[in-house]
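1. got a predicted model here, sequence first, then my questions.
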Amino acid sequence: MTDFITIAIPKGRILHDSVALFKKIGIDCEELLSDTRKLIFENPVQRMRYMIVRATDVPTYVEYGCADLGIVGKDTLLEQEKDVYEPLDLKFGYCRMMVAEPAELSRTDDPSGWNNIRIATKYPNFTEKYFTGKGIQVEIIKLYGSIELAPLVGLSERIVDLVSTGETLKQNGLVEVETIAEITTRLIVNRASLKTKHQRITHIIEGLEKHV
Ligand SMILES: Nc1ncnc2c1ncn2[C@@H]1O[C@H](COP(=O)(O)OP(=O)(O)OP(=O)(O)O)[C@@H](O)[C@H]1O
Ligand SMILES: O=P(O)(O)OC[C@H]1O[C@H](OP(=O)(O)OP(=O)(O)O)[C@H](O)[C@@H]1O
């Protein structure tokens, strides 16, 4: 098994684009799209293994070497800061990490005067670093989903969350105030695998590079 290349692919939003991209370089992991409870698939002929994991767990499997390669959003990497190599921007899964607040508050709010503000987010580490870096003290409330609800019920006045179409903000009476980061999907690699399986991994990176 040690000469297999194992790839951690996230279920959810970026699954289809990930499978389609690997297909372009002859790596067929379409089994991951099938309606099954199986979590790991093997292609002995290609000496490849694919595992399907939660998006937020991808960096952990790669850092520990359970997967040699992983596909993950830059947002997750910014939040977790795992010790992995990040050789390639795969360009899909584009969205923005934003500070947002109720439209009504934004009419009088002045971001340059922010201090001691309370923010609800799925990204507590990155959010804290971002505001601390600007000299703004923040109280972070960690949530796991439906972040836009927080200002509507008074949990926090502002949120930090991902925005793509802007529809969720709009339907909840919130507006974008500040862009914190532009997000795309990245290829990550286990640092030891890059040395021990250098030739095969480099071949995959170079192949993918031609299609992004
Ligand atoms: N509108 C969006 N909302 C959230 N993520 C988006 C959006 N557009 C693109 N993405 C990207 O898709 C990635 C995967 O999102 P997805 O919703 O599938 O998983 P998740 O819910 O963030 O993770 P987990 O299931 O582990 O909690 C995100 O990390 C982000 O990089
Ligand atoms: O700008 P939009 O296209 O509306 O997309 C943004 C929304 O999508 C994500 O939520 P998700 O659907 O992952 O659900 P969650 O709130 O439970 O995380 C994100 O957290 C926003 O809520």
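-> All right, it came through fine. Ligands and ions are numbered 1, 2, ... in the order given.
2. what residues does the protein have near ligand 1?
-> 10, 12-14, 54-56, 73, 75-76, 93, 95, 162, 164, 183 (Cβ under 6 Å from any ligand atom). Quick note: C-beta positions are derived from backbone N, CA and C, even for glycine.
3. of the residues you listed, which belong to helices?
-> 75-76 (DSSP state H).
4. pull out the buried residues from the residues of the chain next to ligand 1.
-> 10, 13-14, 55-56, 73, 75-76, 93, 95, 162, 183 (16 or more other Cβ atoms under 10 Å).
5. just give me the closest of those residues to ligand 2.
-> Lowest distance from ligand 2 to those (Cβ to the nearest ligand atom) belongs to Leu162, with 4.5 Å.
6. who does the closest one bridge with?
-> Met97 (DSSP bridges).
7. please list all residues in contact with it.
-> Leu162 sits next to 75, 95-98, 183 when contact means Cβ atoms under 8 Å, 6 or more residues apart in numbering.
8. okay, those residues in JSON lines with pLDDT next?
-> Shown next, in JSON lines, are these (pLDDT from 0 to 100):
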{"residue": "Asp75", "pLDDT": "98"}
{"residue": "Cys95", "pLDDT": "98"}
{"residue": "Arg96", "pLDDT": "98"}
{"residue": "Met97", "pLDDT": "98"}
{"residue": "Met98", "pLDDT": "98"}
{"residue": "Ile183", "pLDDT": "98"}
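9. ok, the residues you listed vs ligand 1, which is closest?
-> The closest of those, once distances to ligand 1 are taken by Cβ to the nearest ligand atom, is Cys95, at 3.6 Å.
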